[in-house]
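Trainee: need a structure here:
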Amino acid sequence: MELVPTMRKVLLSLLVTTALAGVAGEAVAQQVVKIGLSAPLTGIGAANGKDMENGARLAIEEANAQHLHIGGQEVKFELDSVDDQGDPRIGVQVAQKLVDDGVVATIGYYNSGVALPSAPIFAKAGIPLLDPAATNPQITRLGLTNVFRIIATDVQNSGNAGNYAVTVMKAKRIATMDDRTAFGQGAVEEFRKAVQAAGGSIVTSEYTNDKAVEFNALLTNIKGANADLLFFSGSNAQAGLIVKRMKQLGMHTQFVGSGGIADTVFVQSAGNAADGALAWEYGRPIDALPEGRAFGLKYKKRFGMDLLTFSPFSYDCTWIAIDAMKRAGSTKPAVFMSALRSTQYDGITGHISFNTIGDLSNPTSTLYQVKNGKWVPVTTIGAR
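Mentor: Numbering: from 1, shown residues only. The predicted structure follows:
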């Protein structure tokens, strides 16, 4: 009489075991693939760093929703974000952490000064580094073969700015100021080269540091030099303070900024003095891109805020890495690295392909001007 319930228990146990084995088999079949991201998630660059992180996260969420199969296996992508704080020393430390975490690609950087010492760490590990924001030209001139940049360099963006200042704006007496960071100093140097190549004149070159909030002495020097144009490369908050102080000093010098300045932080810092200020930014206006407006709406729906400058670039970087894995049929960096080099991808930021050193083949820059408290595009040109 007791054999029947016993047999039922055995059969039930077998069924449960079989079901669990099936679930375990499915879990094993799904491969977890980590994509790293290094950006300043705290500190002075945190807003742009978070914007970069959001762009990469959005791409990964979309990829996972498609249940992609690579090499015959379903993959689940995970974003491994680290806070480099915009500090080269910390950047190197967290770069090694990403390598130790087993990421197959990394999205970074925002700060050129962090990118330069960190890129070799990924090169040594054979991990691709996709650059959405750091623009110092030396990043792709280190002799590394793992770096891919999808944004114009300072040679291109600041070069356009310098040529335009002389040939279009007809500036005769030009001043420069930078914050001594790798980005700021590098951008001003490329601007200076372009001004001189176009036959222009630099009457004074001033510099500060990336923590400064007082610029009275420097601006007094620029006013004394009777400069008709000031090109500044540094943080957006500093740029806003500089423009505000220029107005207080009664200066009529045209302010021109570079890279990342065209955002609300600048306008808020400068107040009413912002109107008329100019800034050269990387790429095309988001609304001028075929998928730009839709991306902006999608971003706001997901994160509850408007995008800043670099989320479209980090979004494209992430999808480029995933696309290379798909085309190569592998998530191993050693295998899909070559697919990255042959990238032909139509992203949010435009068509993306790379030259022999990993820079964008078709970079563009856009000049913006503040009108009634808002940045308005003036012109977009390709690299010279």
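
Trainee: ok, Leu249 touching Lys223?
Mentor: Yes - contact criterion Cβ atoms under 8 Å: Leu249 and Lys223 qualify, at 6.1 Å. C-beta here means a position set from N, CA and C on the backbone, and glycine is covered the same way.

Trainee: out of the two, which sits in the more crowded spot?
Mentor: Set side by side, Leu249 and Lys223 show more neighbours around Lys223, with 18 against 14, by other Cβ atoms under 10 Å.

Trainee: sticking with that one, tell me its helix or strand.
Mentor: Using DSSP states H and E, Lys223 sits in helix 216-224.

Trainee: distance between that helix and the chain's centre?
Mentor: Centre-to-centre, helix 216-224 and its host chain are 32 Å apart (Cα atoms, centre = their mean, to the nearest Å).

Trainee: could you say what helices and strands it packs with?
Mentor: Counting contacts by 3 or more Cβ pairs under 8 Å, 6 or more residues apart in numbering; DSSP states H and E, helix 216-224 is packed against strand 174-178, strand 202-207, helix 236-248.

Trainee: Ala63 is nearest to which of the ones you listed?
Mentor: helix 236-248 (31.2 Å; Cβ to Cβ).

Trainee: what about the closest one, average pLDDT?
Mentor: If you average the pLDDT over helix 236-248, you get 93.

Trainee: give the buried residues for it.
Mentor: Across helix 236-248, burial judged by 16 or more other Cβ atoms under 10 Å covers 236-247.

Trainee: which single one of those residues is nearest to Ala56?
Mentor: Asn236 (21.4 Å).

Trainee: ok, back up a step: next secondary structure after the helix holding Lys223?
Mentor: Trace forward from helix 216-224 with DSSP H and E and the next one is strand 229-233.

Trainee: distance to Ser201 for the buried residues of helix 236-248 - can I get that in a markdown table?
Mentor: Shown next, in a markdown table, are the buried residues of helix 236-248 (distance: Cβ to Cβ, whole Å):
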| residue | distance to Ser201 |
| --- | --- |
| Asn236 | 28 |
| Ala237 | 30 |
| Gln238 | 25 |
| Ala239 | 23 |
| Gly240 | 27 |
| Leu241 | 27 |
| Ile242 | 21 |
| Val243 | 23 |
| Lys244 | 27 |
| Arg245 | 24 |
| Met246 | 20 |
| Lys247 | 25 |
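
Trainee: list the buried residues of stretch 87-99.
Mentor: Buried, per 16+ other Cβ under 10 Å, within stretch 87-99: 87-88, 90-91, 94-95, 98-99.

Trainee: show me which pair in the residues you listed is furthest apart.
Mentor: The largest separation in these, counting by Cβ to Cβ, is between Asp87 and Val99 at 18.3 Å.

Trainee: low-confidence ranges in the chain?
Mentor: Residues of the chain meeting the criterion pLDDT under 70: 1-29, 383-384.

Trainee: mark out where each domain of it begins and ends.
Mentor: Using automatic domain parsing, the domains assigned to the chain come out as 30-152+289-353, 155-282+366-382.

Trainee: picking that back up, output the helix holding Lys223 as CSV, nothing but the C-alphas.
Mentor: This file holds the C-alpha atoms of helix 216-224, laid out as CSV (Å, rounded to 0.1, in the frame of the first residue of the first chain):
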residue,chain,number,x,y,z
ASN,A,216,40.6,89.4,-13.1
ALA,A,217,44.4,89.7,-13.6
LEU,A,218,44.4,87.6,-16.7
LEU,A,219,41.5,89.5,-18.3
THR,A,220,43.1,92.8,-17.4
ASN,A,221,46.1,91.7,-19.4
ILE,A,222,43.9,90.7,-22.3
LYS,A,223,42.1,94.0,-22.1
GLY,A,224,45.4,95.8,-22.0
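
Trainee: and that helix with helix 236-248, angle?
Mentor: Orientation note: helix 216-224 sits at an angle of 60 degrees relative to helix 236-248 (axes from the mean of the first three to the mean of the last three Cα atoms, to 10 degrees).

Trainee: report the buried residues of helix 216-224.
Mentor: Residues 218-219, 222-223 are the ones in helix 216-224 that count as buried (16+ other Cβ under 10 Å).

Trainee: got CSV for the residues you listed, with distance to Leu79 too?
Mentor: Shown next, in CSV, are these (distance: Cβ to Cβ, whole Å):
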residue, distance to Leu79
Leu218, 41
Leu219, 42
Ile222, 44
Lys223, 48
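
Trainee: mind listing the helices for the stretch 251-384 of the chain?
Mentor: Along the stretch 251-384 of the chain, the segments classed as helices by DSSP state H, counting those that start in this stretch run 264-270, 292-303, 311-328, 333-341.

Trainee: so which of those helices is nearest Pro132?
Mentor: Among the helices of the stretch 251-384 of the chain, helix 311-328 sits nearest to Pro132 (Cβ to Cβ), with 3.5 Å.

Trainee: name the helices or strands packed onto the closest one?
Mentor: If you count contacts as 3+ Cβ pairs under 8 Å, 6+ apart, helix 311-328 packs onto strand 31-39, helix 46-65, strand 105-107, strand 129-131, helix 292-303, helix 333-341, strand 345-347.
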